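[1] I would like the atomic coordinates for the input below:
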Amino acid sequence: MRQNVETFLGCDAHFDEAEIVLFGAPFDSTTSFRPGARFGSSAMRHESFGIETYSPYQDQDLTDYPVFDSGDLELCFGSAELALADVQTRTEEILKAGKLPLLLGGEHLVTLGSVRAVAEKYPNLHVIHFDAHADLRDDYLGAKLSHACVLRRCHEIVGDGRIHQFCIRSGDREEFRFAKNHTDLHPFDFKGLDDLCEGLARSGAPVYFTIDLDCLDPSCFPGTGTPEAGGVTFPQLLKAILTVTKTNVVAADLNELAPMLDPSGVSTATACKVLRELLLALLAS
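    Residues are numbered from 1 along each chain as shown. Next up is the predicted model:
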């Protein structure tokens with residue numbers, strides 16, 4: 001696996017020495033409102049040089065840790081299943097090498113490919129999900145593979161009580177009814193996250209951590225395909241990330257930046273900072 005020509009800030013280690021491997025999934029073919037998330041991962045790499053490698057929040061620096069950036073996958077835009085298969089294969093390759101895969105979307109559907117791979121290695125997997133949307137539809141306009149269905153498909157893999165959802169403030173009635181019986185859904189904010197993570201940390205259970213950046217309020221993150229008012233702030237998200245990374249996180253992803261939907265560049269800058277803090281929290285844990 002070769003290093004990408006342009007890497008995320010500070011992520012220029014060789015594959016063999018890296019603890020974490022970044023890879024992008026530039027796919028947004030099932031986006032139901034505003035497309036553009038396919039450009040998120042490349043924009044984050046390019047714009048990351050506008051921030052520092054050092055985090056004053058954590059007193060940690062990316063230059064002190066080995067991270068490998070393998071670049072974006074070349075995905076089939078005409079087939080969600082083929083795209084997901086490629087994501088799954090890359091995740092399997094990283095796991096086989098004993099490293100932590102960190103996927104950059106792309107729309108949220110790409111998470112399913114990574115979860116398929118991680119669940120094969122860790123059958124008792126839990127999923128912690130930050131998002132504005134429940135993503136629990138059984139289908140969207142007849143399609144089972146959609147960004148609106150990704151957590152429903154993940155539920156079919158991991159089962160009841162293993163998906164923990166936070167910041168959810170949008171979904172149809174049936175999604176919330178499904179969640180009441182099958183997932184651990186916390187609407188609007190991060191209430192309950194501390195207790196959940198304390199329990200998961202004690203048990204040592206493997207955790208897949210997926211962040212849809214539209215969990216952030218659109219006043220600070222408008223550059224996303226389906227913005228929803230009432231989201232959390234960056235400091236709230238950072239605190240939640242630091243809480244989750246105290247558990248046994250074995251894989252993670254960051255999705256749904258659509259950079260051209262925010263010409264100011266604020267959303268891309270925010271996404272870069274979220275990624276820096278997520279990387280450092282995982283590396284220092």
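[2] does the closest residue to S55 other than its chain neighbours belong to a helix, a strand or coil?
    Of all residues not flanking S55 in the chain, L280 sits nearest, at 5.3 Å (CB to CB, 6 or more residues apart in numbering). From N, CA and C alone the C-beta is placed, and that goes for glycine too. Following DSSP: H, G, I helix; E, B strand; the rest coil, L280 is assigned to helix.
[3] where does the stretch 1-150 of the chain have low pLDDT?
    3-4 (pLDDT under 70).
[4] could you report the neighbour count for S203?
    If you count neighbours by other CB atoms under 10 Å, S203 ends up with 12.
[5] angles on the backbone of it, please.
    Torsion angles at S203 (phi, psi; degrees, to the nearest 10) stand at phi -80, psi -20.
[6] just how off-centre is stretch 195-204 within its chain?
    20 Å (CA atoms, centre = their mean, to the nearest Å).
[7] kindly report the same for stretch 165-185.
    18 Å.
[8] helices of the protein, start to end?
    Per DSSP state H, the chain carries helices over the ranges 40-47, 80-96, 110-121, 150-158, 173-182, 193-203, 234-244, 266-284.
[9] quick one on the thing from earlier: let me know the pLDDT of the residue nearest to S55.
    You'll see L280 listed with a pLDDT of 98.
[10] residue contacts, it?
    If you count contacts by CB atoms under 8 Å, 6 or more residues apart in numbering, L280 has them with 55, 58, 60-62, 65.
[11] out of those residues, who's the most crowded?
    For the contacts of L280, neighbours tallied by other CB under 10 Å; top is L62, 22 neighbours.
[12] how about TSV for the helices of the chain, with distance to D253 added?
    Formatted as TSV, the helices of the chain follow (distance: least, CB to CB, whole Å):
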stretch	distance to D253
helix 40-47	11
helix 80-96	9
helix 110-121	5
helix 150-158	11
helix 173-182	20
helix 193-203	18
helix 234-244	13
helix 266-284	10
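[13] quick one, which of those helices gets closest to L103.
    Of all the helices of the chain, it is helix 110-121 that lies closest to L103, at 5.0 Å by CB to CB.
[14] quick one, phi/psi of A258?
    Backbone dihedrals for A258, given as degrees, to the nearest 10, come out at phi -120, psi 90.
[15] please name the nearest non-neighbouring residue to it.
    Nearest one to A258, counting by CB to CB, 6+ apart, is G36 at 3.3 Å.
[16] for Q236, see how far away the one you found is.
    Note on G36: its distance to Q236, by CB to CB, to the nearest Å, is 25 Å.
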